[in-house]
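Colleague: A structural model of the following input is requested.
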Amino acid sequence: MTELSASAVEVLVFGDLYDDVFKEIIQQTEEKDESLVAKVKELQKKCDDGCTSLQGSDEVSSVSQSAIRALQSLPQAHSPTDKLLHCVEFLEYVSDHFSSSFQGKCIDADTLLLMVCQHVVAAYINHLHAEVAFIEEFSRDEQLLSGKEGYALITLQASLHYLDSLDVLPIDISPTNPESDRGSKQGMNT
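Modeller: Numbers count the residues shown, from 1 in each chain. Okay, here's the model as predicted:
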């Protein structure tokens, strides 16, 4: 009952204040978001100019369209709980998509990070740092400490941190599925 009450209050409060609060967060994360968008555009340009495809390599080279849609749903969600649920859905789709590709093999944290980074690049979201900052700021502690939600957020934070640390995005982060290219170009318009 407490969880339902907290969710109802969250929806009411953020329903009225969301736009103002989110604009403030966008201003705070603007530099990181612009940097990531520029890196993704540069990587796409490199690939459009003929980068080597990963299709023939042992690496998994496609992305899950369901995972991309889940990540691209973040801007439409206006409460921390809803945004967290999209993050969980995103990570579950990434995991499901690649578990079939790695049958019989263990997927380590580095591999998961690469897969999440590929999806972040393919989703091409303008204010992803702002989305994550909003979740960090306004999620209740019990949400972040209760399993899947916290793990999904930490994984997304780690992928953003890794992408931010790079001067140039490596080719292996580029999604090579032709459908993902169409989806990524649409995602930036959100």
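Colleague: before we move on, what SS does the residue nearest the centre of the chain have?
Modeller: Nearest to the mean C-alpha position of the chain, counting by C-alpha atoms, centre = their mean, stands residue 120 at 4.5 Å. Of the three states, residue 120 takes helix according to DSSP: H, G, I helix; E, B strand; the rest coil.
Colleague: could you find the closest non-adjacent residue to it?
Modeller: Using C-beta to C-beta, 6 or more residues apart in numbering and skipping the chain neighbours, the partner closest in space to residue 120 is residue 159 (5.5 Å). No exception for glycine: its C-beta is placed from N, CA and C like everyone else's.
Colleague: before we move on, what SS does the one you found have?
Modeller: Three-state assignment for residue 159 (three-state DSSP): helix.
Colleague: doesn't residue 163 make contact with the residue nearest to the centre of the chain?
Modeller: Yes: if you go by C-beta atoms under 8 Å, residue 120 and residue 163 touch, sitting 6.6 Å apart.
Colleague: list the buried residues of the helix or strand hosting residue 133.
Modeller: Using DSSP states H and E, residue 133 maps to helix 128-138. By 16 or more other C-beta atoms under 10 Å, the buried positions in helix 128-138 come out as 128, 129, 130, 131, 132, 133, 134, 135, 138.
Colleague: want to throw those into TSV with distance to residue 75?
Modeller: Shown next, in TSV, are the buried residues of helix 128-138 (distance: C-beta to C-beta, whole Å):
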residue	distance to residue 75
128	9
129	13
130	9
131	7
132	12
133	13
134	10
135	12
138	15
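Colleague: now the two most distant members of the residues you listed.
Modeller: Spanning the widest gap among those are 128 and 138, at 16.3 Å by C-beta to C-beta.
Colleague: returning to that earlier point: would you check how far apart the residue nearest to the centre of the chain and residue 29 are?
Modeller: From residue 120 across to residue 29, the span is 15 Å (C-beta to C-beta, to the nearest Å).
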